Structures are given as structure tokens and as C-alpha cells.
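Chemist: A structural model of the following input is requested.
(one chain, ligands or ions: 2)
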Amino acid sequence: MATRRSNKWPSLLTNNGRGIAFGGDYNPDQWPEAVVDEDIRLMCQAHVNTVALAIFSWDKIEPREGAFTFEWLDRVIDKLGKAGIAVDLATATASAPMWLYIKHPEVLPIDKYGHTVNPGSRQSWQPTSPVFKAYALTLCCKLAEHYRDNPYVTAWHVGNEYGWNNRYDYSDNALDAFRTWCRARYGDIDALNEAWGTAFWSQHVNDWDEVLLPRHMGGDAMVNPAQQLDYERFGNDMLLDFYKAERDAIAEICPDKPFTTNFMVSTDQCTMDYAQWADEVDFVSNDHYFHEGESHLDELLCSDALMDSLALGKPWYVMEHSTSAVQWKPLNTRKRHGELMRDALAHVAMGADAINFFQWRQSASGAEAFHSAMLPHAGADSTIYRDVCKLGEALHALGEAGMQGSELERSDTAILFSAESEWATRSQTLPSMKLDHWHDVRDWYRGLLDAGRRADIVPLAYDWSGYQTVILPTVLILSDRDVRRLADFARKGGSVIIGYATGLIDEHFHVGLGGYPGAGHGLLREMLGVRSEEFNILGSEAEGEPFEIRLCDGSVSRLWQNVVTGLAEGTKVIAEYVGAEAAEWELADVPAITRHPYGEGAALYVGCDLDRSGIASLMRALYSATVVDQRIIHTIRRSVDGNAVFDCYLNRDRQPVHVQNVMGDPIVAHRCKPGARAHEYVMDRNSVLIVKRVE
Ligand code: GLA
Ligand code: GLA
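Modeler: Numbers count the residues shown, from 1 in each chain. Ligands and ions are numbered 1, 2, ... in the order given. Okay, here's the model as predicted:
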């Protein structure tokens, strides 16, 4: 693993450089220049203190090849800076100008069918194109030379959402790079043949020039899953290399300003393996767009729980979220009154020290005209802008109270996340095509919230040995090393919870033999004290068959039950399958959930999928000692010196909720007021309370 760059947070232009950062993407190049003065006036009124600038401005900066024009950008940056607004300056490379694509169509990505991707949107370039890289790095150098000493530019925003539109490129450049990548990974061709299992379907390769990308293979052809997984890893690595090349080109000239690139962490996406990317930035930043529907707040917290781990518990940056609806989903719900502020402050409660939106001024034309913004089409006389101003005040107050730099208190429970397992669950060669690691992580996260507990979400590759309990929902891939780490953890007293489809394959997509789960050459089974031989898969596609199977504790499984045939001595059955449906599938009395002592600790096996309520009741049974109100989210951020403590409360319910024992001074009380009793608050729907205690 790469060594992590040291954490470096961008300064604001305040007297001491500190404060909670607040602002958004700023695209003044979409507007006549006269609008800038009005923008800055309204930004100041809203306490905006930073913007991300020039993300899509390459064609304005270099309108013709080699003709660099910084004057307009200089004027904007100067005005912003003089108004006290710091600039996170983009490399502007996310979207190249049309002249470049017309002159060099060879930089355009190729899809898996061999079609050339047309320019006109964003990121229409091959991550492995040397021609494109030369142009992009020239631009980076020009920007670095020009803004190296500019005091208003306080951070570099490298690229934008790497992989959003060019995650999968099947060009000849990619093919050459893939062969080089495979050679570096495997060293000799026999190792690749072994890893990819090429003995299957006549896929043996004699040399590196026979190694292919998983381009379209016709009809319903199934791709070799090991090859596909390597292609996922390769694509991640090529984009990360591109990011590093841009960063390093700037750092040669301008080494002191911190670098970031905005991740795309939300529970419906897993574009990149950000556990690796987080090592390569100076501060971790994320773009998060809320999920429509009842999971809105829970999903936000779940994504943020992973963000906080990626940042190793240091504060992180919300680079983008929305004031209300987006325009890119089939159904774009708006935010209800209070949710703009609630979402922003929920990110703060989960460890964010910067709250930015896409974007400052809502576009009047182009693909994103109906995407909400801080200054909406309606103008400053609008609910959204007034809410933005209120949020600015609240964040300013939190900054004044010294919240910036305080760190989120960790949980004693970690749900382990693995980007590779998420990619693997998308393979169409598994017992069920409905597997989804990330969604199972989200269900466990929500089930735990329902049981009154908030877990952290930690990358499998990181160090989680300090937790009391680790949960692995559908971590399909476990290497021998991972299994040894889990066994060591349990031996030393930790509790491990293994989900129904965890540890079925290793990092090469090879199935562990001798019974499921076979990872670790039997060590995982030994730890669990369980062995199963087949999977019982349910679904409405199987007409006339039961579509759910009950467990004796009242919970229900609807997708997958492991047919457990062997229990080791000492394995205790916590729940088994019962009822007519179970009998119909010959699963009556078969163990569904088991517990096995292992060393000083124990391993719990959840051998079937459970929904949120099943997970919640299991967790309540396990942690029965603690009774917490699951309608309230309470997080704690503590200053690094330990003196100041910020208690953050969020109402997770649709009804008002009373919270008791709130000590300390309220800094932000959004939609909540003191209750009748001492230290009590009444929190309305979508409310947030942040109080400060001094210890
Ligand atoms: C077909 C093929 C076999 C095998 C099976 C799997 O019948 O001929 O090689 O792939 O499908 O069901
Ligand atoms: C992404 C991009 C932004 C914008 C938003 C819209 O996060 O980075 O430029 O397109 O989506 O939601």
C-alpha cells in the first residue's frame, strides 16, 4: 500500500485562516462578466468563504491551442480574494475544448463494442492516451506557473470526479497499458494463467500479447470474472495515475498548496477504490447527492461514515451536494423545508469541516439548468437563497466556536467495505445476480441505527483491529491474508460477524474448496464452526416456489440461504429456518444464524440475507444491554486537545422528538427549541442541534 500524504487542510482568508469552509462550485464563465460583482455581493451576504473555480473552463483558458488567456480568471480570482473568498482552483481538465478533440480524435475513449465515444459531454478522453496527457499536463503547468504565488488560491482541485464518464475505456492505448499492468502484477505469464483460471474455455495465453481487454464477446457471452476484476482494478489504477501525474506536474512548480480531487462516495456508486485514492490527496473531499425516499438521512450518514474512515478520522470536505433537486435521475425530488440545512449540518455532525454545493448560481442553459443551486433561478428573493444565508450563519457560528479540526468519535463497531467485493458482486457469473455488497453494507448500517447503534464503515484494507466488533456483509472476496487478520482479531477477543455471501472467493475470483465459505483455505470455516454445501436462492422468477423463508426469531430471508450441513463442536445455533416454506425447500431446522467461540473472541455467522428489521432485531438481541433512542442520531466531535466537545443531535423521525440530558451551550439549534425540563430539547422533523461542552 502507498504511504499516505500528510493531511493538509486549505486555509481560508479569515484572520487566522480558520473556520468551517462554505461555498460551492462557481462557474462565472457561464455568465456575462458583470454578474461577478452581484455574485460576490450575495456570496458575502451568505457568509460564503470559498469557491471551487474553473472546473470546466479549459476552453476559456486555452481557446485555441497554445493561446493561454488568464486575464478573465485573474479578474474573478482577484475580486473573490479581495472579498475574503478563498479559491479552490481546478486544473480544468475534466472537459477538454472541442479543438483538441477535432485535432486529436485518437484521444476519445472506445466503448466495449469498439465505438468511438463522441465529444460534447465531459471526460471524453482516454486515461491512457499519451497525447491527451501531454495537453492536460501542459495546462496544469501553465496554471501552476500563473497562480503559484496567488494568495487567494488556497487549494488545487485536480480533475473532477475521475471516472465519471471514462471509467471503462477499451481503446488500443488501454490494451497496451493493460498488458503492461498485468505484467507488473503477475510477473510471468503462467501466474496470469493460473490467476485467471484460463484452463477454462480454452483461454490459455502463451504471451503478454495474447492478453486481451474484456471487450464485447458477442451475445450473452460471459466474461472471465477474474479478467473482468483485473480490468476494474486496472481502470482504477489508470485514472489514479492520471490524477497523480496532474498533481505532480503542479507540485513541481507549486508544492505548498494542498491537493484534492472530489470522490463520488454514495451507497449506489463505487466507481473507484477510494481506499487507495485517499492516500494520494492532502485532504479528502466528496460529492454526495441524497437518495430520494425514506432512506435520505440514513444513506447520507452511511456514506459519510465511510468518508470519515477514508480521512482516517480527520475532518473531510463536502465538495458538492445539492440545495434541493438534481436533474439527472429519473425522478428528482426536491428537499423539504429544513432539509437543506439539515443535510449540510448532518455532514458536519459526521466529520465534515467544509460544506460546498454544486453550484453557486443556477445555470440558465445547458444540461444542468434544472439542477438546484445556492442562488436559484428565482434569484435572491427565494426560500433557497434565504436558507443558504441561514446555513452560512450557522457554519460561521460553528467556526467561531472552534469546531473546525475537531474529530468524530469512533464507534466500537465497524462494518467493513471493499470496493473489489462491490465490483465482484456485479459479475454476472454468481449464484444470484441480485447480490450487492454496498447495499448490504447500507442495510446493516440502517439495521444498526434502528437498534440504536451507529457503526463506522471502514475499508477492509485499513486497520480495523482497534474495534470490538467487525461486520462483513457480502464481502465476497477475502484473501488468505484477510482471513488471517480476521482470525487474529477474533483470537484476541474481537467479535466477527460474517454475512451469507462473504468469503466465497479469493482475490483472483477462485472459489475456496471443501465447503462454503471457503476463503483462507478452510480457516474461515474453522473460525465460524460452520460448513455449507449449497446455496438456496429465492426469487419471484421461480414461479410457484416460496419467495421467502422464515427464521425462528421471526425474521425473514428473501434471497439467499446457505444450506448448512456441518457444525463444529461448540457452535451454537442462534436461529434456524422454520415453517412450511422452509420445509418445502428442505431447510426446516437447518441453522441460519450461528455463533462459535474462537480464541478469546467469537464469530457470528449470518447464513442468509436479512432485511433491515431482521438485522435490527438480531443486533438488539446481541447488544441488549444498551437502550438508546433510535430516532435520535447523536454524534460527538472532540477537539484534538480534548478540551472542547461538540454534541450533535439529528432527528431521524418524521415526528418531533424530545432529547434529554443535553449539556453545554447550543451553537446551532435548527428547528428545535428547549423543552419543559432542564437539559431537554424538542426537535422537529429535519432538525439539528449542536452544543458545545468544555471538559
Ligand atoms: C451449455 C454449454 C455448457 C455449459 C452449460 C451451462 O449447455 O454447452 O458448456 O456452459 O451450458 O449450463
Ligand atoms: C457532479 C459534477 C458536477 C455536477 C453535479 C450535478 O457532481 O461534479 O459538475 O455535474 O454532478 O449533480
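Chemist: bridging residues for the nearest residue to residue 557 once chain neighbours are set aside?
Modeler: In this structure, residue 557 finds its nearest non-sequential neighbour in residue 608, 3.8 Å apart by CB to CB, 6 or more residues apart in numbering. Where C-beta positions appear, they are placed from N, C-alpha and C, glycine not excepted. Judged by DSSP bridges, the bridge partners of residue 608 are residue 561.
Chemist: Near residue 608, how many other residues are there?
Modeler: By other CB atoms under 10 Å, 29 other residues sit near residue 608.
Chemist: Would you confirm that it contacts residue 561?
Modeler: Yes: applying CB atoms under 8 Å as the test, residue 608 and residue 561 come out as touching, 4.2 Å apart.
Chemist: Between the two, which contacts overlap?
Modeler: Residues touching both residue 608 and residue 561 by CB atoms under 8 Å, 6 or more residues apart in numbering: 500, 549, 577, 592.
Chemist: What residues of the longest strand out of those in the chain count as buried?
Modeler: What stands out as the longest strand in the chain, according to DSSP state E, is strand 681-694. Of all the residues in strand 681-694, those buried under the rule 16 or more other CB atoms under 10 Å are 681-692.
Chemist: same thing with stretch 280-294?
Modeler: Neighbour counts using 16+ other CB under 10 Å place 280-292 of stretch 280-294 among the buried residues.
Chemist: before we move on, what about stretch 111-119?
Modeler: So, applying 16+ other CB under 10 Å, buried residues of stretch 111-119: 117, 119.
Chemist: what does it rub up against?
Modeler: 96, 98, 101, 105, 108-110, 124, 166, 168, 170, 214-216.
Chemist: Can you tell me which of those residues lies closest to ligand 2?
Modeler: residue 166 (13.7 Å; CB to the nearest ligand atom).
Chemist: what about the closest one, neighbour count?
Modeler: Neighbours of residue 166 (other CB under 10 Å): 22.
Chemist: Backbone torsions only: list them for it.
Modeler: Phi and psi for residue 166, reported as degrees, to the nearest 10, are phi -130, psi 40.
Chemist: Surely it touches residue 121?
Modeler: No: if you go by CB under 8 Å, residue 166 and residue 121 don't touch, sitting 10.2 Å apart.
Chemist: How far does stretch 143-152 stretch from one end to the other?
Modeler: For stretch 143-152, the first-to-last residue distance is 14 Å (CA to CA, to the nearest Å).
Chemist: swap that for stretch 349-359, sorry
Modeler: First-to-last distance for stretch 349-359 - CA to CA - comes to 22 Å.
Chemist: Next, count neighbours for residue 445.
Modeler: Counted with other CB under 10 Å, residue 445 comes out at 28.
Chemist: Distance check, residue 51 against ligand 2.
Modeler: Separation of residue 51 from ligand 2 (CB to the nearest ligand atom, to the nearest Å): 13 Å.
Chemist: What of residue 599?
Modeler: 46 Å.
Chemist: How about that residue, nearest residue that isn't a chain neighbour?
Modeler: Counting by CB to CB, 6+ apart, the residue nearest residue 599 is residue 491, at 3.0 Å.
Chemist: Equivalent analysis for residue 445, please.
Modeler: The shortest distance from residue 445 to any non-neighbouring residue, by CB to CB, 6+ apart, is to residue 302 (4.3 Å).
Chemist: Could I get the phi/psi values of that neighbour?
Modeler: Dihedral angles for residue 302 - degrees, to the nearest 10 - are phi -60, psi -50.
Chemist: What of residue 40?
Modeler: Per-residue torsions, residue 40: phi -70, psi -40 (degrees, to the nearest 10).
Chemist: Sort out for me which of the buried residues of stretch 280-294 are in strands.
Modeler: Among the buried residues of stretch 280-294, the members falling in strands (DSSP E) are 285-287.
Chemist: Out of these, flag the one nearest to ligand 2.
Modeler: Nearest to ligand 2 out of these is residue 287 (CB to the nearest ligand atom; 4.2 Å).
Chemist: Bridged to that closest one, which residues?
Modeler: Beta-bridge partners, per DSSP bridges, of residue 287: residue 320.
Chemist: That one against residue 269, yeah?
Modeler: No: at 9.7 Å, residue 287 does not count as touching residue 269 under the criterion of CB under 8 Å.
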